[in-house]
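>>> fold the following, please.
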Amino acid sequence: MKKWLSPSLLAVFFVLSAIGHYMDWNHTLQFVLSAVAVVFVAGFLGRATESVAHYAGQRLGGFLNATFGNAAELIIAIFLVKEGLFDMVKASLTGSIIGNLLLVLGLSILAGGLKHKVQKFNITLAGLNGSLMIVAVIALFVPAMFLNTHSITDKDTDVLSLVVAGILIVSYIAWLIFSMITHKSYLDDVTEDNEEELPNEHAPAWSKGRSIFYLVLATVMVAFVSEWLVGTLESLTEQFGLSELFVGAFLVAIIGNAAEHSAAVMLAMKNKIGAAVEIAIGSSLQIALFVAPVLIFVSAFTAHGTMDIVFTTIELVAIAVAVFIAKSITQDGATNWYEGLLLLAVYLILGVSFYLV
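The predicted structure is shown next:
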């Protein structure tokens, strides 16, 4: 295990975060401890899912990594929904989508490209991912357009949000059936043959049973640390004068994406760019097509009412920009380090813009 993922450091920050929460320490200190703990736990989660991926194959492994990597974001968002912080939830969802498409994918392509020059993955999969990303953008744009033009009422917006959420969930489940079952071989990754070159490098960290156990353990730890982190956000935004948009879109998203960051970059450097792309883009699709719709249904059962699917103009533009550049770069099924740099450049532009809001 890498030094920064040392079990002792993981345990220390997890315990400190717990003590800080239950002893009601200074909220800024609580936030720092919880944020560091989330990064360590998410990294541990990424390590466990990478080990499981060895036994499951690149595509299924990438899907598992994206799914469990999103556990932190989903759990954080559920606690935010329970608190009625809908604007911060939407900002965190926005941050997750653009963070995966620009930061995670950008770092992966940059790191992999510096080591392997040009990396290739299934071009058909790249095209389908691009189409799914566009569907996600359409699903977010349509409700916002109808509400902002006063074509429908607020009550109708809630109904539309629930209907759109249901359609997206069904679409995502159908995509899983298509990509994992009916057309699995059609979407096989083109780099899988390269795995034979360095067998020792790709050996799993743990046995199959231990990997699954650590996966479950890390997910439970994420749930606790996420709740402690959410409890500090309101006071943090007030103390430092930060907007909910910036905190949700960048701070929460970067912390929650720690698992994807570590796993995707490591896989890209091992010339498994297909798995890295599956983690980054697959995670964004999962957020847009599954996590966001699930949160809308969850909110319907809270005292704060249904969270609509209407995002702000700034959020919609950020998501559309991220989808446009990510689709443009990945549509040919080949990547290089300069394309990774371009993705990171767009992410920095959006980051500065969000900070100044």
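>>> what's the neighbour count on the residue lying closest to residue 305 once chain neighbours are set aside?
In this structure, residue 305 finds its nearest non-sequential neighbour in residue 299, 7.1 Å apart by C-beta to C-beta, 6 or more residues apart in numbering. For glycine as for every other residue, the C-beta is placed from the backbone atoms N, C-alpha and C. Per other C-beta atoms under 10 Å, the neighbour tally for residue 299 reads 25.
>>> can you give me the helices for the stretch 151-300 of the chain?
Secondary structure of the stretch 151-300 of the chain by DSSP state H, counting those that start in this stretch: the helices cover 154-177, 208-240, 244-246, 253-256, 258-269, 273-286, 292-299.
>>> need the winner for burial among those helices.
Highest mean neighbour count among the helices of the stretch 151-300 of the chain (mean count of other C-beta atoms under 10 Å): helix 273-286, with a mean of 30.
>>> quick one, that one and helix 154-177 angle?
For helix 273-286 against helix 154-177, the angle by axes from the mean of the first three to the mean of the last three C-alpha atoms, to 10 degrees is 160 degrees.
>>> counting contacts, what elements does helix 273-286 pack onto?
Helix 273-286 sits against helix 58-69, helix 86-98, helix 105-116, helix 123-148, helix 154-177, helix 258-269, helix 313-330, with contacts defined as 3 or more C-beta pairs under 8 Å, 6 or more residues apart in numbering; DSSP states H and E.
>>> may I see those helices organised as a markdown table, with mean pLDDT and distance to residue 243 added?
As requested, the helices and strands packed on helix 273-286 are exported to a markdown table (pLDDT from 0 to 100; distance: least, C-beta to C-beta, whole Å):
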| stretch | mean pLDDT | distance to residue 243 |
| --- | --- | --- |
| helix 58-69 | 70 | 26 |
| helix 86-98 | 85 | 8 |
| helix 105-116 | 92 | 24 |
| helix 123-148 | 88 | 19 |
| helix 154-177 | 90 | 23 |
| helix 258-269 | 75 | 23 |
| helix 313-330 | 92 | 10 |
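>>> dump the ones you listed to a markdown table, plus distance to residue 209.
Supplementary listing: the helices and strands packed on helix 273-286 in a markdown table, determined by distance: least, C-beta to C-beta, whole Å:
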| stretch | distance to residue 209 |
| --- | --- |
| helix 58-69 | 16 |
| helix 86-98 | 31 |
| helix 105-116 | 29 |
| helix 123-148 | 31 |
| helix 154-177 | 25 |
| helix 258-269 | 20 |
| helix 313-330 | 35 |
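>>> nearest to residue 12, of those?
helix 258-269 (16.9 Å; C-beta to C-beta).
>>> is it true that residue 340 touches residue 115?
No - contact criterion C-beta atoms under 8 Å: residue 340 and residue 115 do not qualify, at 11.5 Å.
>>> between those two, which is the more surrounded one?
Between residue 340 and residue 115, counting by other C-beta under 10 Å, residue 340 is the more crowded of the two (23 against 13).
>>> quick one: the helix or strand containing that one to helix 105-116, angle?
Per DSSP states H and E, residue 340 falls inside helix 337-356. Note on geometry: by the same axes, to 10 degrees, helix 337-356 and helix 105-116 are set 150 degrees apart in direction.
>>> helix/strand/coil for residue 309?
At residue 309 the chain is in coil, as set by DSSP: H, G, I helix; E, B strand; the rest coil.
>>> so it makes contact with residue 143?
Yes - Residue 309 lies in contact with residue 143 (C-beta under 8 Å); the separation is 5.1 Å.
>>> identify the contacts common to those two.
Shared between the contact lists of residue 309 and residue 143 (criterion: C-beta atoms under 8 Å, 6 or more residues apart in numbering) are residues 160-161, 164.
>>> wait, which of the helices and strands packed on helix 273-286 is closest to residue 17?
Set against residue 17 and scored by C-beta to C-beta, those come closest in helix 258-269, at 14.3 Å.
>>> packing partners for that closest one?
Helices and strands touching helix 258-269, as assessed by 3+ C-beta pairs under 8 Å, 6+ apart, comprise helix 27-56, helix 58-69, helix 105-116, helix 273-286.
>>> give me the contact list for the third one.
Same thing as helix 105-116. Under C-beta under 8 Å, 6+ apart, the answer for helix 105-116 is 119, 261, 264-265, 267-269, 271, 273, 276-277, 279-281, 326, 329-330, 335-344, 347.
>>> tell me the buried residues in it?
By 16 or more other C-beta atoms under 10 Å, the buried positions in helix 105-116 come out as 105-113, 116.
>>> nearest to residue 39 among those?
Relative to residue 39, and with distances defined as C-beta to C-beta, the nearest of these is residue 107, at 14.8 Å.
>>> quick check: the gap between that closest one and residue 281.
Here residue 107 is placed at a distance of 14 Å from residue 281 (C-beta to C-beta, to the nearest Å).
>>> for residue 155, same thing?
Per C-beta to C-beta, residue 155 is found 35 Å from residue 281.
>>> what's the answer for residue 314, then?
Distance from residue 314 to residue 281, by C-beta to C-beta: 23 Å.
>>> check residue 237 too.
Distance of residue 237 to residue 281, computed by C-beta to C-beta: 30 Å.
>>> how about residue 142?
Here residue 142 is placed at a distance of 22 Å from residue 281 (C-beta to C-beta).
>>> tally of neighbours for the residue lying closest to residue 102 once chain neighbours are set aside?
With sequence-adjacent residues excluded and distances taken as C-beta to C-beta, 6+ apart, residue 102 is closest to residue 347, at 3.7 Å. Residue 347: 24 surrounding residues under other C-beta under 10 Å.
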